[in-house]
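Chemist: Starting from these lines, generate the structure:
(chains A and B)
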Amino acid sequence: NAGVTQTPKFRVLKTGQSMTLLCAQDMNHEYMYWYRQDPGMGLRLIHYSVGEGTTAKGEVPDGYNVSRLKKQNFLLGLESAAPSQTSVYFCASSFGNEQFFGPGTRLTVL
Amino acid sequence: SQELEQSPQSLIVQEGKNLTINCTSSKTLYGLYWYKQKYGEGLIFLMMLQKGGEEKSHEKITAKLDEKKQQSSLHITASQPSHAGIYLCGADSLTDKLSFGAGTTVTVRA
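Modeler: Residues are numbered from 1 along each chain as shown, chains lettered A, B, ... in the order given. Below is the predicted model of the structure:
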């Protein structure tokens, strides 16, 4: 099993550009999550999904959109990137309480 | 939301010495998770605690949850360079989400 994978691993955007981060899991987990990690602030939940076709807002959802069209994929979109969205983004999935994390995507917005 | 405070924010320990990280919650913890993160990588699950007074060990790492279920500690005995990284605690608030502390950066000096 590959577990949780994220693409891309690195990306540099200019302010105003858009992009989509892809998260894929092969563990048949119902729940999937998108976090951002910033220095001194730990992990903050952006959006999450409790199953295919569902999404919900987390702690810091503004400026992001998500979609869960297939159970194994959870997409995070930035419609108009801002420098404040420079961060490391982690995807996670879970069946019970334990969350399994992807390796992260390092995004820089200039 | 459940707020978690980790201390210390960072620490440097001599190889072979012990270290302790604390995680304190503003609310009762229904589940407390410890994760480790190496620089530039995703989070690796270490342990989960649920019962007051519970203690779990894996190799040289011991995690405890106090009787009141509001504080947890992670203790590493005879630290090694492989123990270096960021340690994060996560709390289960009986929703579909986890809340995370800001993390503790551990540096092990040879």
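
Chemist: OK, contacts around the closest residue to B:Q14 other than its chain neighbours?
Modeler: Of all residues not flanking B:Q14 in the chain, B:R109 sits nearest, at 5.5 Å (CB to CB, 6 or more residues apart in numbering or on different chains). Every C-beta, even on glycine, is put in place using the N, C-alpha and C of the backbone. Going by CB atoms under 8 Å, 6 or more residues apart in numbering or on different chains, B:R109 touches B:I12, B:V13, B:Q14, B:E15.

Chemist: just for chain A, where's the confidence low?
Modeler: Regions of chain A meeting the criterion pLDDT under 70 are absent.

Chemist: Which stretches in it count as strands?
Modeler: Counting by DSSP state E, one finds strands in chain A at the ranges A:4-7, A:10-13, A:19-25, A:31-38, A:42-49, A:56-57, A:65-67, A:73-78, A:87-94, A:99-101, A:105-109.

Chemist: From chain B, how far off is the spatially most central residue of chain A?
Modeler: A centroid search over chain A (CA atoms, centre = their mean) returns A:W34, at 3.2 Å, as the residue closest to the centre. As defined by CB to the nearest CB, to the nearest Å, A:W34 lies at a distance of 11 Å from chain B.

Chemist: Likewise for A:L43?
Modeler: To chain B, A:L43 is 4 Å away according to CB to the nearest CB.

Chemist: what does chain A have sitting close to chain B?
Modeler: Counting by CB under 8 Å from any CB of the partner chain, chain A comes close to chain B at A:4, A:31, A:33, A:35, A:40-45, A:48, A:50, A:56, A:58-59, A:90, A:92, A:97-104, A:106.

Chemist: coming back round to it: mind checking which of the contacts of B:R109 are buried?
Modeler: Burial by neighbour count, 16 or more other CB atoms under 10 Å in any protein chain shown: within these this picks out B:V13.

Chemist: and which of the contacts of B:R109 is nearest to A:M27?
Modeler: Of all the contacts of B:R109, B:V13 has the smallest distance to A:M27: 34.9 Å, by CB to CB.

Chemist: number of nearby residues for residue 84?
Modeler: I went with chain A, as the question did not name one. When neighbours are counted by other CB atoms under 10 Å in any protein chain shown, A:S84 registers 11.

Chemist: that answer is for a different chain, and I need it for chain B
Modeler: If you count neighbours by other CB under 10 Å, B:A84 ends up with 18.

Chemist: With A:Q17 instead?
Modeler: A:Q17, neighbours per other CB under 10 Å, totals 14.
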